[in-house]
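>>> kindly return the folded structure for what I paste below:
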Amino acid sequence: MAKYRKKPVVIEAFQLTLQSRWDNSEWPNWAHKAWNTDGEGGLWPDPDNPPNPKQKSADDLCIGTKEGVMHCPIGWWIIKGIVGEIYSCAPDIFEATYEKVDD
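Residues are numbered from 1 along each chain as shown. Next up, the predicted model:
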């Protein structure tokens, strides 16, 4: 069986924390553009996972991808890929796959 190594790529990402979810001033421009956009490339509150009855919107988010809707729980990373696609990644996978680079 042939083996393959993942090509080195640089992506943009930010971690969805409870604070960044509700105070999105630290979000990158591409996330602001995706906010409340339906379908592929969109980012919106997860209506199936409300935090508690007092809040009108969910803590977790949904991301529209080519493969369908991905969920992004608090603590996960939101990534903008090499062709501009947006997707979520679990913290342990992100840590194992990516390392921070200088700007």
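>>> alpha carbons only for contacts and neighbour counts from here, please
Fine.
>>> hey, where'd the strands end up in the chain?
Listed in chain order, the strands found in the chain under DSSP state E are 12-15, 43-45, 61-65, 68-72, 77-80, 86-89.
>>> for Asp102, which of those strands is the nearest?
With C-alpha to C-alpha as the criterion, Asp102 lies closest to strand 12-15 of the strands of the chain, at 11.8 Å.
>>> how far away is Gln19 from Ser25?
The gap separating Gln19 from Ser25 is 10 Å, by C-alpha to C-alpha, to the nearest Å.
>>> next one: Asp59
Asp59 sits 16 Å away from Ser25 when distances are taken as C-alpha to C-alpha.
>>> how close does the residue sitting nearest the centre point of the chain sit to Glu85?
Among the residues of the chain, Ile78 comes closest to the average C-alpha position under C-alpha atoms, centre = their mean, at 2.0 Å. Shown here: Ile78 relative to Glu85, a distance of 10 Å by C-alpha to C-alpha.
>>> next one: Trp44
15 Å.
>>> swap in Ala2?
Distance from Ala2 to Glu85, counting by C-alpha to C-alpha: 28 Å.
>>> could you do Lys33 as well?
As defined by C-alpha to C-alpha, Lys33 lies at a distance of 13 Å from Glu85.
>>> can you check Met1 too?
Counting by C-alpha to C-alpha, the gap between Met1 and Glu85 amounts to 30 Å.
>>> now Val9, nearest residue through space, not along the chain?
Once flanking residues are discounted, Val9 sits nearest to Ile82: 7.4 Å by C-alpha to C-alpha, 6 or more residues apart in numbering.
>>> hmm, I typed the wrong one, I wanted Ala90.
Here the nearest residue to Ala90 in space, its sequence neighbours aside, is Trp76; by C-alpha to C-alpha, 6+ apart that works out to 4.9 Å.
>>> isn't the one you found right next to Leu16, touching?
Yes. In this structure Trp76 lies within contact range of Leu16 using C-alpha atoms under 8 Å: 5.7 Å.
>>> where along the chain do the helices fall?
Assigned by DSSP state H, the helices in the chain fall at 18-22, 29-34, 91-97.
>>> buried residues, the longest one. List them.
What that stands for is helix 91-97. Phe94 (16 or more other C-alpha atoms under 10 Å).
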